[in-house]
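*Asks:* Structure, please.
(one chain, ligands or ions: 1)
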Amino acid sequence: MVSIDVWNASVDFPIFDAKSRSMKKAVLGKAGGKIGTESRVPIIEALRDITLSLQHGDRVGLVGHNGAGKSTLLRLLAGIYEPTRGSSRINGRVAPVFDLGVGMDPEISGYENIIIRGLFLGMTRKQMEKRVEDIAEFSELGNYLSMPLRTYSTGMRVRLALGVVTSIDPEILLLDEGIGAVDAAFLDKARTRLNDLVKRSGLLVFASHSDEFLMELCNSAIWMDHGQMKMRGSLREVLTEYKGRDPFEGMSHEQLERLGQLPVLPNGDPA
Ligand SMILES: Nc1ncnc2c1ncn2[C@@H]1O[C@H](COP(=O)(O)OP(=O)(O)OP(=O)(O)O)[C@@H](O)[C@H]1O
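*Replies:* Below you'll find the predicted structure:
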């Protein structure tokens, strides 16, 4: 069973090349992590004292203003960052999707990139070979797939990357919001695939500034603030507190049901 546990974890970034006097003068702004002033080298405390247990079936949205620590938390959950203090344990195969373009090679063809990107995301070559046709169809790139990636427009690269990302079978899916920056029309087409991807994955953590996306993919949320967990609860509770208004207000029963956001009765049935 997949799970991620984090105990009292902190992540610090020492800034060796900073002009420490001016850094030390820096106050804690609304955006950004806390800049520690005790040591000689300025330290950005990107995460502080995070304790968290995520289980199979969790679909967690990460919200918070710029620099609150969402991306750093995703990297900690992926095992990319080790905690500076505290500890973490990851059970399961992680697919970190932080940047759609990562792992793509401009000099090789679209077809070859499909395989390489899949390997990056924890799939095997055989598994990716079986998916090539489906990805080709979804991305609508036709003969371009035999051409080197450097001949693609930005939009074409995104189509390919999104096709690959939504074809994988992750146990733990960690999504950073870049995925929301995709061309709206194409994203509409990708929506069903994205939803299916999330359904297939055992555990999702998704950092996003988009209510719409969070509502579509997540049922619970964590509000990050200056590197700390300010609140954890249902998506509706957290968004209402974070935004100061209930984003679900005025939605019909059907809309809430479609989004899987109906409150659950004590017997486990939707209200
Ligand atoms: N590699 C790094 N080196 C130094 N500081 C970093 C590094 N990565 C993140 N930080 C700092 O850690 C803090 C948290 O950053 P993080 O990227 O996790 O925020 P975020 O919530 O994802 O922000 P956004 O919504 O803008 O993407 C910020 O103050 C940032 O400046």
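*Asks:* where do the helices sit along the stretch 1-150 of the chain?
*Replies:* For the stretch 1-150 of the chain, helices defined by DSSP state H, counting those that start in this stretch occupy the ranges 20-25, 70-78, 110-120, 125-139.
*Asks:* What is the second one packed up against?
*Replies:* Spelled out, it's helix 70-78. Judged by 3 or more C-beta pairs under 8 Å, 6 or more residues apart in numbering; DSSP states H and E, helix 70-78 is in contact with strand 3-14, strand 43-55, strand 59-63, strand 85-91, strand 94-97, strand 172-175, strand 203-207, strand 220-225. For the C-beta atoms, the positions are set from N, CA and C on the backbone; glycine is no exception.
*Asks:* That helix close to the ligand?
*Replies:* Yes - using C-beta under 6 Å from any ligand atom, we find that helix 70-78 touches the ligand at 70, 71, 72.
*Asks:* Would you convert the residues you listed into a markdown table that also reports pLDDT?
*Replies:* Compiled in a markdown table, the residues of helix 70-78 next to the ligand are given as follows (pLDDT from 0 to 100):
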| residue | pLDDT |
| --- | --- |
| 70 | 94 |
| 71 | 93 |
| 72 | 95 |
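*Asks:* Most neighbours among those, which one?
*Replies:* Neighbour tally across these (other C-beta atoms under 10 Å): the maximum, 25 neighbours, falls on residue 70.
*Asks:* measure that one to residue 223 for me?
*Replies:* Residue 70 sits 10 Å away from residue 223, going by C-beta to C-beta, to the nearest Å.
*Asks:* for residue 42, same thing?
*Replies:* 26 Å.
*Asks:* now residue 173
*Replies:* Distance from residue 173 to residue 223, by C-beta to C-beta: 21 Å.
*Asks:* Quick check, central residue of the protein?
*Replies:* By C-alpha atoms, centre = their mean, the chain has its centre lying nearest to residue 175, at 2.0 Å.
*Asks:* Quick check: that residue vs the ligand, distance?
*Replies:* To the ligand, residue 175 is 12 Å away according to C-beta to the nearest ligand atom, to the nearest Å.
*Asks:* Show me the beta-bridge partners of that residue.
*Replies:* Beta-bridge partners for residue 175, by DSSP bridges, are residue 97, residue 206.
*Asks:* so it touches residue 97, yeah?
*Replies:* Yes - contact criterion C-beta atoms under 8 Å: residue 175 and residue 97 qualify, at 5.1 Å.
*Asks:* possible to save the residues of helix 70-78 next to the ligand as TSV with distance to residue 133?
*Replies:* Shown next, in TSV, are these (distance: C-beta to C-beta, whole Å):
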residue	distance to residue 133
70	35
71	34
72	38
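*Asks:* just those now: which is nearest residue 203?
*Replies:* Set against residue 203, the nearest of these by C-beta to C-beta is residue 70 (16.6 Å).
*Asks:* Without its sequence neighbours, what residue ends up closest to that closest one?
*Replies:* What sits nearest to residue 70 in space, not counting adjacent residues and going by C-beta to C-beta, 6 or more residues apart in numbering, is residue 207, at 3.9 Å.
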